[in-house]
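Undergrad: Below are the sequence and a predicted model; questions follow.
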Amino acid sequence: MIKIAPSILSADFAKLGAEVAEAQAAGGDWIHVDVMDGHFVPNITLGPAIVKAIAPHTTLPLDVHLMIENPERYVEEFAKAGAAVITVHAEACVHLHRVIHLIKEQGIMAGVALNPGTPASAIQEVLDDVDMVLVMTVNPGFGGQAFISGTMNKIKQIRTWLNERGRHDVHIEVDGGIAADTAPLVVEAGADVLVAGSAVFGREDRAAAIAEIRSSYEG
Ligand code: DX5
Ligand code: ZN
């Protein structure tokens, strides 16, 4: 089952509660929340208070993508705020294994993310520990950027490694430039959670936008 996770980065921040409710009504499977600190990435977005504020407006899992330095400092707070998944960047963690287990100790799913310039090998040693690998298909920081097709090999490599370990339950999420034209490529490569920001919230009709992405790989 392929999941679509609308990213609220492209939603109207003045009415986030209504936006997440609409994304759920429109057929989204997870709500993707982009947390940026102005250090790890050039942009600044939102913190745990906003996650806590939107949580009552949806029953979908909140998929929190931390694009921040020292993410271990905030894991507990985001978990308490209602995150169902917390993903940290391999590039931001000196003690990646420790941070992943800190997330799992909160009783939620742990993800590890890779920038386009980071090789798959950077997470090879934690593949038995994670619930999800996030392969960035753009350089993180902003919505609406062009999909980087060179990341396909990395998705295939990670799916192969997971299959070899019998870890068929581990999700591979992709994030950046995902729309009806790119979704079939990433699904074919082995991704099963598709983040879509501008392709969903940039459209008036969110249900049609999600349906178009879904039908692009369902044929
Ligand atoms: C980018 C964020 C993405 C962003 C994707 O740094 O991590 O989640 O919302 O936006 P689109 O789908 O517009 O490329
Ligand atoms: Zn994201």
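TA: Here it is on my side, so go on. Ligands and ions are numbered 1, 2, ... in the order given.

Undergrad: Close to ligand 1: what parts of the chain are there?
TA: The chain comes close to ligand 1 at residues 7, 9-10, 32, 34, 65, 138, 140-141, 143-145, 175-178, 195-199, as judged by CB under 6 Å from any ligand atom. Quick note: C-beta positions are derived from backbone N, CA and C, even for glycine.

Undergrad: do that again at 8 Å, thanks
TA: Contact residues (CB under 8 Å from any ligand atom) of the chain with ligand 1: 7-10, 32, 34, 36, 41, 43, 65, 67, 136-145, 147, 175-179, 195-200, 202.

Undergrad: quick one: which of the residues you listed sit in helices?
TA: Per DSSP state H, helices hold the following members of those: S198, A199, V200.

Undergrad: residues contacting the one residue in the chain that gets nearest to ligand 2?
TA: Ranked by CB to the ion, the top residue of the chain for proximity to ligand 2 is H65, at 3.8 Å. Going by CB atoms under 8 Å, 6 or more residues apart in numbering, H65 touches H32, V33, D34, V35, T87, G111, A113, L134, D175, V195.

Undergrad: May I see these organised as CSV, with neighbour count added?
TA: Putting the contacts of H65 into CSV (neighbours: other CB atoms under 10 Å) gives the following:
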residue, neighbour count
H32, 29
V33, 28
D34, 24
V35, 25
T87, 27
G111, 26
A113, 23
L134, 28
D175, 27
V195, 28
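
Undergrad: from those, which are also near ligand 2?
TA: D34, D175 (CB under 5 Å from the ion).

Undergrad: give the contact list for E77.
TA: P48.

Undergrad: Remind me which helix or strand it belongs to.
TA: Assigned by DSSP states H and E, E77 belongs to helix 75-81.

Undergrad: Going C-terminal from that helix, what's the next secondary structure element?
TA: Going down the chain from helix 75-81, the next helix or strand is strand 83-89, by DSSP H and E.
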